[in-house]
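Student: Just need the structure, nothing else, for what follows:
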Amino acid sequence: MANISAKDVAELRKQTGIGMMECKKALVEADGDFEAAVKLLREKGELKAASKIANRIAADGIVAIMKEGDLTAMIEVNSETDFVAKNESFQEFVKNLLKTILATKPATLEDLMASQYVEGGVTVEEKVKEEIFKIGEKLSVRRFALVEGLTATYIHGAGSIGVIAKFDTDCGDKDGFAEFAKNIALQIGAYPTPYLTRDDVPASVIESEKNIIKAQLANDPKMANKPEKVLEGIIMGKLGKFYEANCLVDMAYVKEDDMTVGQYVAKTAKELGGNIAIASFCRFEKGEGIEKKQEDFAAEIEKLASGK
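Tutor: Sure, this is the predicted structure:
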């Protein structure tokens with residue numbers, strides 16, 4: 001049996017972040033072979049990730065962005081608590097995931113998980129399992145975006161919201177464009193909207209909205225004797241309100257609400273003497289759509305008190 005020194009245990013703990021006792025057990029089991037001990041800890045981490053932690057809900061975490069040349073990457077990585085999200089080690093892990101995306105250019109999340117992580121000679125999937133074992137919380141690489149071209153980005157707070165706005169323009173190098181682009185990214189961050197223009201709204205969504213409006217009018221006694229032409233005008237007016245709330249270029253511009261975002265784009269293009277169009281945008285909000293577990297503390301206390 002190999003002689004396991006305290007220095008060996010401390011070094012293994014430093015590299016893996018695992019507790020001293022678990023590191024010692026792994027070294028003993030591996031007969032002092034350092035690499036074999038790391039492998040054992042990884043394997044135990046995979047078991048842990050697949051059992052006790054896998055069914056937990058990870059709705060916290062961080063949204064982060066990184067640019068390299070004409071490529072912009074954004075990612076959402078979820079953790080169970082904001083304590084982990086604020087941890088420097090976790091943030092470095094997220095930063096390395098962004099570097100991996102920029103280096104490997106994956107097309108899907110599955111491609112990303114199978115990609116070679118930028119450090120350590122492991123895949124992203126293997127690295128995630130290592131981090132779960134080290135941190136002791138469920139972690140999830142939820143989604144990412146990779147955009148090529150001229151972009152402006154925005155991160156709100158400590159990574160609760162991230163935005164990438166892409167532009168088609170010949171004004172990219174002109175004074176004033178950078179500020180304009182930043183304002184558009186801020187707008188997208190402040191007011192979430194599903195569509196860029198009216199043309200992007202699916203016909204099924206428009207038809208559904210029309211049916212809702214027609215049902216509202218049918219249930220309004222004041223509309224009972226209105227001519228069909230008048231009702232059609234009311235429907236189109238209400239659809240206009242729908243577009244204002246759901247299409248970026250139709251929204252009121254946040255810094256000057258007497259103009260729309262589309263009008264702000266046109267005004268800036270005229271001032272800079274060129275052409276500007278918002279080509280696309282992407283907005284991630286941390287934990288968006290994830291159903292968080294609701295804790296009933298009163299019931300939990302009662303359960304503990306009764307010994308059940």
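
Student: Strands of the stretch 151-300 of the chain, residue ranges please.
Tutor: Counting by DSSP state E, counting those that start in this stretch, residue ranges of the strands within the stretch 151-300 of the chain are 161-169, 252-253, 256-260, 276-285.

Student: Leaving out chain neighbours, which residue sits closest to Lys255?
Tutor: Leaving aside its sequence neighbours, Lys255 sits nearest to Asn183 (Cβ to Cβ, 6 or more residues apart in numbering; 6.4 Å). Placement of C-beta: from N, CA and C, glycine included.

Student: coming back round to it: how about the strands of the stretch 151-300 of the chain in TSV, adding mean neighbour count, distance to Ala178 and mean pLDDT?
Tutor: TSV is the format used below for these (neighbours: other Cβ atoms under 10 Å; distance: least, Cβ to Cβ, whole Å; pLDDT from 0 to 100):
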stretch	mean neighbour count	distance to Ala178	mean pLDDT
strand 161-169	22	11	98
strand 252-253	18	17	96
strand 256-260	12	18	93
strand 276-285	19	12	98
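
Student: Make JSON lines from those strands and add distance to Val230 to it.
Tutor: Output for the strands of the stretch 151-300 of the chain, formatted as JSON lines (distance: least, Cβ to Cβ, whole Å):
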{"stretch": "strand 161-169", "distance to Val230": "40"}
{"stretch": "strand 252-253", "distance to Val230": "27"}
{"stretch": "strand 256-260", "distance to Val230": "26"}
{"stretch": "strand 276-285", "distance to Val230": "35"}
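
Student: Per-residue pLDDT of the most centrally placed residue in the chain, please?
Tutor: Most central in the chain under Cα atoms, centre = their mean is Glu76, positioned 3.3 Å from the mean C-alpha point. Listed pLDDT for Glu76 reads 97.

Student: pretty sure Phe281 is in contact with Ala165, am I right?
Tutor: Yes: because the distance of 4.7 Å satisfies Cβ atoms under 8 Å, Phe281 is recorded as touching Ala165.

Student: Need the residues touching each of those two.
Tutor: Any residue near both Phe281 and Ala165 by Cβ atoms under 8 Å, 6 or more residues apart in numbering counts here, and that gives 184, 188.

Student: Ramachandran coordinates for the residue of the chain most remote from its centre?
Tutor: Residue distances from the centre of the chain (Cα atoms, centre = their mean) peak at Asn225, which lies 49.6 Å from the mean C-alpha position. Phi and psi for Asn225, reported as degrees, to the nearest 10, are phi -110, psi 10.

Student: Centre of the chain to stretch 62-81, how far?
Tutor: Here stretch 62-81 shows a centroid-to-chain-centroid distance of 7 Å under the convention Cα atoms, centre = their mean, to the nearest Å.
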